[in-house]
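Chemist: have a look at this prediction, sequence included:
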Amino acid sequence: MLLNYRTLLLKNTKYYKDCLKKQSLDFGEFYFFEKFVVGEIREETILDFNKAEYLLNIIEAYYKKNVPNYYISNKVFSYSVDPSLWAKLAPRLSNLHYLIIEKTASAKINTMFEKMFFEGQLKKFKSLDHAIHWVMQQVGSSISSDPANGKFHNS
């Protein structure tokens, strides 16, 4: 089955309008929401410590003291992660819930590899929709029942 990658990108979903900030970097697109961050790493990227630390600094600067504990990796494209970055960033990621969207065989293989090195909480999902709904349940928020609105509301 061939995937239409364009439809998997966050910018083409109902959630995009609720994005507080979009950060475009040379290695990916990152979307900042009130309770979580969604990342889409570019094709063929090797996500190493320097890139991960740079992204983390941007996230921390934007959210200041209210950095979300949820990072959703929307693995639309094939890329690699240098496993040493997890050990180097472990103190800064101790409360992180790392959610991974696995749509391709390569994403599933990469997730198995990352899981060996990531010491935090890692959860796999088959769709961005499921991951976002799970986060909203965890933080006590919900998505409006009005599909035209789609805004997040505290319960």
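Modeler: Received it, and whenever you're ready, just let me know what you need. Numbers count the residues shown, from 1 in each chain.
Chemist: which residue is nearest the centroid of this protein?
Modeler: In the chain, the C-alpha nearest the mean C-alpha coordinate belongs to I72, at 2.1 Å (C-alpha atoms, centre = their mean).
Chemist: can you check my assumption that it lies in a strand?
Modeler: Yes. With DSSP: H, G, I helix; E, B strand; the rest coil as the criterion, I72 is located in a strand.
Chemist: now it: how far from V37?
Modeler: Computed as C-beta to C-beta, to the nearest Å, the I72 to V37 distance reads 7 Å. For glycine as for every other residue, the C-beta is placed from the backbone atoms N, C-alpha and C.
Chemist: again, but for H133
Modeler: To V37, H133 is 16 Å away according to C-beta to C-beta.
Chemist: which one of the two has more residues nearby?
Modeler: Ranked by neighbour count (other C-beta atoms under 10 Å), H133 and V37 place V37 first, with 25 against 14.
Chemist: bridged to the residue lying closest to that one once chain neighbours are set aside, which residues?
Modeler: Spatial nearest neighbour of V37, excluding adjacent residues (C-beta to C-beta, 6 or more residues apart in numbering): Y71 at 5.2 Å. Using DSSP bridges, the bridge partners assigned to Y71 are V37, Y98.
Chemist: in contact with the residue nearest to I46 when sequence neighbours are not counted, which residues?
Modeler: Nearest residue to I46 in three dimensions, chain neighbours excluded: S80, at 4.9 Å (C-beta to C-beta, 6+ apart). By C-beta atoms under 8 Å, 6 or more residues apart in numbering, the residues touching S80 are 45-47, 110.
Chemist: alright, that wraps it up for me.
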